[in-house]
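Enquirer: Quick one: sequence and predicted model below, then my questions.
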Amino acid sequence: MENKTSLKEVATKGMLWNSIEKFSVQGSQFLIGILLARLLIPADFGLIGMIAIFIAIAQTFVDSGMGSGLIQRQNRSLEDYSTVFVFNFVVSLFFYILLFISAPYIADFYNTPALIPITRVIGINIIINSLSIVQRSMLTVELNFKTLAKINILSIMISGVCAIYFAYTGFGVWSLVYRQLIGSIVSVVLFWYFSKWKTSFVFSKKSFKDLFGYGSKILASGIYAQIFQNMYNIFIGKAYSASNLGFYTQAKQLAEVTAGTVTSILQQVTFPILAALQDDKERMILVYRRLIRMTAFFIFPTMTILAVLADPFVNFFLGTKWMPMVPLLQWMCFARILYPLSALNMNILNANGRSDLFLKVDLSKAPLTIIALIITIPISLKAMIVGQVITTFISFFINAYLPGKLYGYGPFSQIRDIWPIIVTTLITALVTYSSIQFIHFLILKLTIGSLIAIAVYFAFSYLFKIQEIEEINSLLRSFKKR
């Protein structure tokens, strides 16, 4: 009983600090992003979006799932940590050189010569980030999300302030490049400062074989995920323009302020917890079900109301030059609404050491994305995001299928659990949309719309006796007692 209480306290504390960190980071990025969007043009963001896939794939190879391997492993040695550090650093050097050489070919593909220096400079991030993978994994294993919060918040704030200064003084797209580099440098310095691990350059073939045996499946899945997550950037940048890609990347970033943040919190906090419970299936499934319901309780209304208020939101915060992204943002909200639930369904496979199944499930979804792209690319940018909405809903059923087979909690059981939340969200959206139709001032639309949405959602949650309301009240009471 004591162990159960202890785990719950650690999980709650970890979730709290991880939530503080993620939402502080996203809040800071949101404010910084608004200022940068007002100072820069959509094409500047599009240029960064064009090379995002190449940086993301290189970074995935650098990690190679070894960081996750350290977290999943029950008995870790100093030799394990050192092996991962050496591997990460050597691979990062190789991929930076490869990216440096490939820069002219990337620029030729997009017919954009300006990408050559941008690619070569921003690629330095690959080497810088490799120096903190082990330290980040160690803090995650310890569930020390308080320190992680300090590091990430400081790096975001410092790099953001510098980027705003550069944008204001006319550096254009380079403001975004320098923002990434400064953020990575500050982050690495802080990770090394707070880390208790003394760096060594010991490389163990046995440690590498064991960790890479697990991590290789995550590597393959990660490469696949990065290709398919960033594939749209390639086709939009090639078939349309840098400005259109700028609209797309900003719409995606705004939609992921909530969905992406919650997903990141869940993956980072629940992975070590579910891994610790892998020998106690009953408790693990209980935790898993509660996470599914609690995630839906926050994500569904937030994403839906953002879609409802997208027009005044973009107009007020970003300005009229960004208005073409409004329909893109609305559809992107629904393309991301099930993303956190899908991530949870996949995370439970990794936590139980079934990275092989994780890979198979991910690969099975590839034809969906390819078919959607083939159909929608010739139509319009909006059609491409509508295609994402459809594939997201189908993918949820694919992602939840194996957990259903292995643990008896599949897609239909999950939908049954969250059905009251879905109904409450639809009612809230309808009432909010109807209430703001006759309001013409942007700030009033946003303020009144948000207040009505919150009031209606919680009122109907109480009316339908959604149990997450009581869990939130219980959590608040426990923090007051402390």
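Expert: The structure has been received and is ready for your questions. Numbers count the residues shown, from 1 in each chain.
Enquirer: Now name the helix or strand holding F94.
Expert: For F94, the host element (DSSP states H and E) is helix 78-110.
Enquirer: what helices or strands is that helix leaning on?
Expert: Helix 78-110 makes packing contacts with helix 42-63, helix 66-72, helix 115-122, helix 124-130, helix 133-141, helix 205-239 when contacts are defined by 3 or more C-beta pairs under 8 Å, 6 or more residues apart in numbering; DSSP states H and E. From N, CA and C alone the C-beta is placed, and that goes for glycine too.
Enquirer: and that helix with helix 115-122, angle?
Expert: Helix 78-110 and helix 115-122 are oriented at 170 degrees to each other (axes from the mean of the first three to the mean of the last three C-alpha atoms, to 10 degrees).
Enquirer: now helix 78-110 and helix 133-141, what's the angle there?
Expert: Angle between the axes of helix 78-110 and helix 133-141 is 120 degrees (criterion: the same axes, to 10 degrees).
Enquirer: List the buried residues in helix 78-110.
Expert: Judged by neighbour count (16 or more other C-beta atoms under 10 Å), helix 78-110 contains these buried residues: 80-89, 91-92, 95-96, 99, 103, 106-107, 110.
Enquirer: ok now that helix, how far from the chain's centre?
Expert: Taking the mean of its C-alpha atoms, helix 78-110 sits 22 Å from the chain's own mean (C-alpha atoms, centre = their mean, to the nearest Å).
Enquirer: Now do it against helix 205-239: the angle between them, please.
Expert: Angle, helix 78-110 to helix 205-239, by the same axes, to 10 degrees: 20 degrees.
Enquirer: contacting residues for M323?
Expert: Applying C-beta atoms under 8 Å, 6 or more residues apart in numbering, one finds that M323 lies in contact with 314-315.
Enquirer: What does the pLDDT read for it?
Expert: In the prediction, the pLDDT value recorded for M323 is 92.
Enquirer: tell me which element L451 falls in.
Expert: With DSSP H and E as criterion, L451 is part of helix 442-463.
Enquirer: Quick one: the helices and strands packed on helix 78-110 as a markdown table, columns for mean pLDDT and mean neighbour count too.
Expert: As requested, those are exported to a markdown table (pLDDT from 0 to 100; neighbours: other C-beta atoms under 10 Å):
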| stretch | mean pLDDT | mean neighbour count |
| --- | --- | --- |
| helix 42-63 | 87 | 22 |
| helix 66-72 | 65 | 24 |
| helix 115-122 | 94 | 19 |
| helix 124-130 | 91 | 21 |
| helix 133-141 | 77 | 22 |
| helix 205-239 | 76 | 18 |
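Enquirer: Can you check which of the ones you listed gets nearest to R289?
Expert: When the helices and strands packed on helix 78-110 are ranked by proximity to R289, the top entry is helix 66-72, at 21.8 Å, counting by C-beta to C-beta.
Enquirer: what's the spacing between stretch 40-58 and its chain's center?
Expert: A distance of 17 Å separates the C-alpha centroid of stretch 40-58 from that of its chain, computed with C-alpha atoms, centre = their mean.
Enquirer: Please save the CA atoms from that stretch in PDB.
Expert: C-alpha atoms of stretch 40-58 as PDB (Å, rounded to 0.1, in the frame of the first residue of the first chain):
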ATOM      1  CA  LEU A  40       8.500  38.700 -39.800                       C
ATOM      2  CA  ILE A  41       6.700  37.500 -42.900                       C
ATOM      3  CA  PRO A  42       5.100  34.100 -43.500                       C
ATOM      4  CA  ALA A  43       7.800  33.200 -46.000                       C
ATOM      5  CA  ASP A  44      10.500  33.400 -43.300                       C
ATOM      6  CA  PHE A  45       8.700  30.700 -41.300                       C
ATOM      7  CA  GLY A  46       8.300  28.700 -44.500                       C
ATOM      8  CA  LEU A  47      12.000  28.600 -45.200                       C
ATOM      9  CA  ILE A  48      12.600  27.100 -41.800                       C
ATOM     10  CA  GLY A  49       9.800  24.600 -42.500                       C
ATOM     11  CA  MET A  50      11.500  23.500 -45.700                       C
ATOM     12  CA  ILE A  51      14.500  22.100 -43.900                       C
ATOM     13  CA  ALA A  52      12.700  20.900 -40.800                       C
ATOM     14  CA  ILE A  53      12.500  17.300 -42.000                       C
ATOM     15  CA  PHE A  54      16.200  17.000 -42.600                       C
ATOM     16  CA  ILE A  55      17.100  18.300 -39.200                       C
ATOM     17  CA  ALA A  56      14.400  16.100 -37.500                       C
ATOM     18  CA  ILE A  57      15.600  12.900 -39.300                       C
ATOM     19  CA  ALA A  58      19.200  13.600 -38.400                       C
END
